[in-house]
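Just the structure for this:
(2 chains)
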Number of protein chains: 2
Amino acid sequence: MTDPSTTHRVWRVGADIDTDALAPGAYMKFGIDEIARHCLQRVRPEFAAQARPGDVLVAGPNFGIGSSREQAAAALVRLGIAAVVAPSFNGLYFRNAFNVGLLLLTCAQAETLAEGERITLDPAAGRIGRVQGEPAELHCDAVPGFLLEMVQAGGLLNVLKQRKSH
Amino acid sequence: MTDPSTTHRVWRVGADIDTDALAPGAYMKFGIDEIARHCLQRVRPEFAAQARPGDVLVAGPNFGIGSSREQAAAALVRLGIAAVVAPSFNGLYFRNAFNVGLLLLTCAQAETLAEGERITLDPAAGRIGRVQGEPAELHCDAVPGFLLEMVQAGGLLNVLKQRKSH
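I've put the predicted structure just below:
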């Protein structure tokens, strides 16, 4: 999913996306499949049905504010979202996201990306490439190896399991 | 350190405090004691010498941006800083901080706190109390138990060691 040659389609949302928009409280008791079906319905009602594995969510600052519910990150993993790109993330959301295997890219210029455009991701190098559009490359915070390992393994628990079995 | 009856003195800094301000690159090779002696010298030259254990650092948005160096959090632990309070933190800094036992409180109204005032902290409840000043209480994101456990143990490694010994 983080192969720098793969292109990803961009979904755009605004600033201050909270965990209740990502994992609506009304569906919390029905499990992650049902929560994922309603992910972001308040701001992008078509998102959950139309997002395809490998798509990327691009947001404004303060992504993931609100409660500490892990489902707000797990719902995006369930939908196959390859990464969330935003200028800033809520700290606890950032922690939860990698723990459940969701890649987050902190990118000051995130909001210059447009709905529907295609991008490439090189999280280890801290680069986002644009298939079209200027500038052709955006910088983001490089993601350290131990966090990429969590994304590739599908979350922290899987990393720990893999280590135990060695 | 997070006893809600303890009062803490506030040190104020601005927005976008980066990891190089917290752990200056020039001292990185000299170990954490020396790094801590130069912590924030670019923005508050007197801080490292005058800060006392239990003091709290209050900042503007985007605290901890820049590199992923853990020393940027460990230096504040070394100085005995009880918490950093800010409207937002860099995601990786947030992760590193709790891993090394530094309490971070995400508080939208952080910047209403004044240099030198005294506050109380109730991270589990998400409350910051003011000895003087209005409003008498600020809300912050409640800190989940597993993160408070890391702070109390002095970091993630100590938590893991304690669990192993049980």
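
separation between the spatially closest residue to residue A:101 that is not a sequence neighbour and residue B:155?
Spatially, and ignoring its direct neighbours in sequence, residue A:101 is nearest to residue A:155 (3.9 Å; CB to CB, 6 or more residues apart in numbering or on different chains). Using the backbone N, CA and C atoms, a C-beta is placed for each residue, glycine as well. To residue B:155, residue A:155 is 22 Å away according to CB to CB, to the nearest Å.

Likewise for residue A:140?
Distance from residue A:140 to residue B:155, counting by CB to CB: 27 Å.

Just the element for the most centrally placed residue in chain A, please.
Central residue of chain A (CA atoms, centre = their mean): residue A:84, 2.8 Å from the mean position. Using DSSP states H and E, residue A:84 sits within strand A:83-86.

Which stretches in chain A count as strands?
With DSSP state E as the criterion, chain A has strands at A:8-12, A:56-58, A:83-86, A:104-106, A:118-122, A:127-130, A:137-139.

Just send these back as CSV, with distance to chain B too.
Compiled in CSV, those are given as follows (distance: least, CB to the nearest CB, whole Å):
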stretch, distance to chain B
strand A:8-12, 20
strand A:56-58, 15
strand A:83-86, 9
strand A:104-106, 6
strand A:118-122, 16
strand A:127-130, 16
strand A:137-139, 13
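
Enumerate the residues of chain A near chain B.
Counting by CB under 8 Å from any CB of the partner chain, chain A comes close to chain B at A:61-62, A:68, A:88-95, A:98, A:104, A:106, A:141-142, A:144, A:147.

are any of the residues you listed buried, and which?
Burial by neighbour count, 16 or more other CB atoms under 10 Å in any protein chain shown: within those this picks out A:61-62, A:68, A:88-95, A:98, A:104, A:106, A:141-142, A:147.

could you pull out the helices for chain A?
When secondary structure is read from DSSP state H, chain A shows helices at A:19-22, A:32-37, A:47-50, A:71-78, A:91-99, A:145-153, A:156-164.

Now those in JSON lines, please, with extra columns for mean pLDDT.
Formatted as JSON lines, these follow (pLDDT from 0 to 100):
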{"stretch": "helix A:19-22", "mean pLDDT": "97"}
{"stretch": "helix A:32-37", "mean pLDDT": "97"}
{"stretch": "helix A:47-50", "mean pLDDT": "98"}
{"stretch": "helix A:71-78", "mean pLDDT": "97"}
{"stretch": "helix A:91-99", "mean pLDDT": "96"}
{"stretch": "helix A:145-153", "mean pLDDT": "95"}
{"stretch": "helix A:156-164", "mean pLDDT": "88"}
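
can you pull the buried residues of the worst-scoring helix or strand of chain A on mean pLDDT?
Counting by mean pLDDT, DSSP states H and E, the weakest-scoring helix or strand in chain A turns out to be helix A:156-164, with a mean of 88. Within helix A:156-164, the residues that count as buried by 16+ other CB under 10 Å are A:156, A:159.

Quick check: the residue lying closest to residue A:78 once chain neighbours are set aside vs chain B, distance?
In space, and not counting its chain neighbours, residue A:78 is closest to residue A:36: 3.9 Å by CB to CB, 6+ apart. According to CB to the nearest CB, to the nearest Å, residue A:36 and chain B sit 22 Å apart.

Now do the contacts for residue A:36.
A:48, A:74, A:75, A:76, A:78, A:79 (CB atoms under 8 Å, 6 or more residues apart in numbering or on different chains).

Now for the residues you listed: which two are most distant?
Maximum pairwise distance in the contacts of residue A:36, criterion CB to CB, is 13.4 Å, between A:48 and A:74.

more neighbours, those two?
More crowded of residue A:48 and residue A:74, by other CB atoms under 10 Å in any protein chain shown: residue A:74, with 23 against 18.

So the more buried one is in contact with residue A:99, correct?
No - Residue A:74 lies out of contact with residue A:99 (CB atoms under 8 Å); the separation is 9.6 Å.
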